[in-house]
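Student: kindly return the folded structure for what I paste below:
(one chain, ligands or ions: 1)
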Amino acid sequence: MPKRLIATSSSSECTSSSSSSESKIVKAENSGNSSGNSENATWRRDVALIRKMRADMVAPVDTMGCHKLADPLAEPKIHRFQVLVALMLSSQTRDEVNAAAMKRLKDHGLSIQTIRAFPVPDLEKILCPVGFYKRKAVYIQQTAKILEDSYSGDIPDTLDGLCSLPGVGPKMANLVMQIAWGKCEGIAVDTHVHRISNRLGWIKTTTPEKTQKALESLLPRSEWQPINHLLVGFGQMLCQPVRPKCATCLCRLTCPSSTAKTGEKVEKLTKKSRKTVKIEKEDAFEVKEEPDF
Ligand code: SF4
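Tutor: Purely as a prediction, here's the structure:
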């Protein structure tokens, strides 16, 4: 829940005082860009505004994201395994549901050994109602065996090694590297990052894979890790897949997808949103040979 409620949507929010102060922010951000590169100025301005909005909100990812779900007191190998499991469960699953499933697993003692001791049907019962819990139960079992047999009971410390595990794709692997190993080797692009960076016009891409490449070209390395958390929370609270709360968004004055400007734009974005949701449902899977989970 937000620490401070964002003003509810109303036409009065587009009136002079807020617009004028936001215009000042926009101008300040633009003038602060020394490169003179408009692409660079655009994302820098938007990120600054999103950081300002995020400072006043608590999104589900802030309190129940995968970085919060492993036991901080567990020994390092077990902690890293728990991070991996949390991320494997997170695909197509709300943070609340994932956090509850992780709690049930931890109540049973979540380690490679305990997972291996569980028959798959029992594991399914613990994971339900996580999205695609039946397939995830099998993948987690298979992963526990691989880690025990080939990685001395630890998780791989490379993107390639992580991506070789069942159901783990680039987005998940990048987040595991960041959370479990403290190494940022790439931008983790999920549906929020993909949708918002396209809506804001930073990039024009059709898949999360293309978005990752485009964003890694656009953003400096110092932004690669924080951008995921920043945009996921923003996407959960404000720039949602359907009916984004543009009227309360500080980016609305310059966002090419804003619905806060004209009725025509609202209609256009509504149609576009339906299309986006459809794409997101397909792209949300970590695609390997077949969609996972
Ligand atoms: S689509 Fe709306 S909520 Fe999303 S960034 Fe643009 S103005 Fe903000």
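
Student: flag every residue of the stretch 51-200 of the chain that's near the ligand.
Tutor: For the stretch 51-200 of the chain, the contact set with the ligand under C-beta under 6 Å from any ligand atom comprises 199, 200. Every residue, glycine included, has its C-beta placed from N, CA and C.

Student: let me know the next secondary structure element after the helix or strand of the chain with the lowest mean pLDDT.
Tutor: Lowest mean confidence among the helices and strands of the chain (mean pLDDT, DSSP states H and E): helix 16-32, at a mean of 36. Where DSSP states H and E defines the elements, the next helix or strand beyond helix 16-32 is helix 38-54.

Student: domain assignment for the chain?
Tutor: For the chain, the structural domains run 38-57+188-291, 63-180, going by automatic domain parsing.

Student: any idea how far apart the tips of the last one sit?
Tutor: This points to domain 63-180. End-to-end distance for domain 63-180, by C-alpha to C-alpha, to the nearest Å: 17 Å.

Student: related to what we said a few turns ago, now the domains of the chain in JSON lines, with mean neighbour count and mean pLDDT?
Tutor: As requested, the domains of the chain are exported to JSON lines (neighbours: other C-beta atoms under 10 Å; pLDDT from 0 to 100):
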{"stretch": "domain 38-57+188-291", "mean neighbour count": "18", "mean pLDDT": "82"}
{"stretch": "domain 63-180", "mean neighbour count": "19", "mean pLDDT": "97"}
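
Student: and residue 153, backbone torsions?
Tutor: Per-residue torsions, residue 153: phi 80, psi 10 (degrees, to the nearest 10).

Student: OK, contacts around it?
Tutor: Each residue near residue 153 by C-beta atoms under 8 Å, 6 or more residues apart in numbering is listed here: 77, 112, 147.

Student: surely residue 108 is in contact with residue 117?
Tutor: No: under the criterion of C-beta atoms under 8 Å, residue 108 is not in contact with residue 117, lying 9.4 Å apart.

Student: what's the helix or strand for residue 125?
Tutor: For residue 125, the host element (DSSP H and E) is helix 120-127.

Student: can you give me the strands for the stretch 151-293 of the chain?
Tutor: Per DSSP state E, counting those that start in this stretch, the stretch 151-293 of the chain carries no strands over any range.

Student: quick one: the helices in it?
Tutor: Listed in chain order, the helices of the stretch 151-293 of the chain (DSSP state H, counting those that start in this stretch) span 159-163, 170-181, 191-199, 208-218, 224-237, 263-283.

Student: to residue 53, which of those lies closest?
Tutor: Closest of these to residue 53 is helix 224-237, at 6.7 Å (criterion: C-beta to C-beta).

Student: and the closest one, what does it pack onto?
Tutor: The contact analysis (3 or more C-beta pairs under 8 Å, 6 or more residues apart in numbering; DSSP states H and E) places helix 224-237 against helix 38-54, helix 60-64, helix 191-199.

Student: tell me the contacts of residue 148?
Tutor: Per C-beta under 8 Å, 6+ apart, neighbours of residue 148: 112, 116.

Student: now do the strand or helix carrying it against helix 120-127, angle only.
Tutor: Using DSSP H and E, residue 148 sits in helix 133-150. Counting by axes from the mean of the first three to the mean of the last three C-alpha atoms, to 10 degrees, helix 133-150 lies at 120 degrees to helix 120-127.

Student: pull the contacting residues for residue 227.
Tutor: Residues near residue 227 by C-beta under 8 Å, 6+ apart: 47, 187, 193, 215, 219.

Student: switch to 7 Å and redo it
Tutor: Neighbouring residues of residue 227 by C-beta atoms under 7 Å, 6 or more residues apart in numbering: 187, 193, 219.

Student: do the same with residue 215
Tutor: Contacts of residue 215 (C-beta under 7 Å, 6+ apart): 187, 189, 197, 203.
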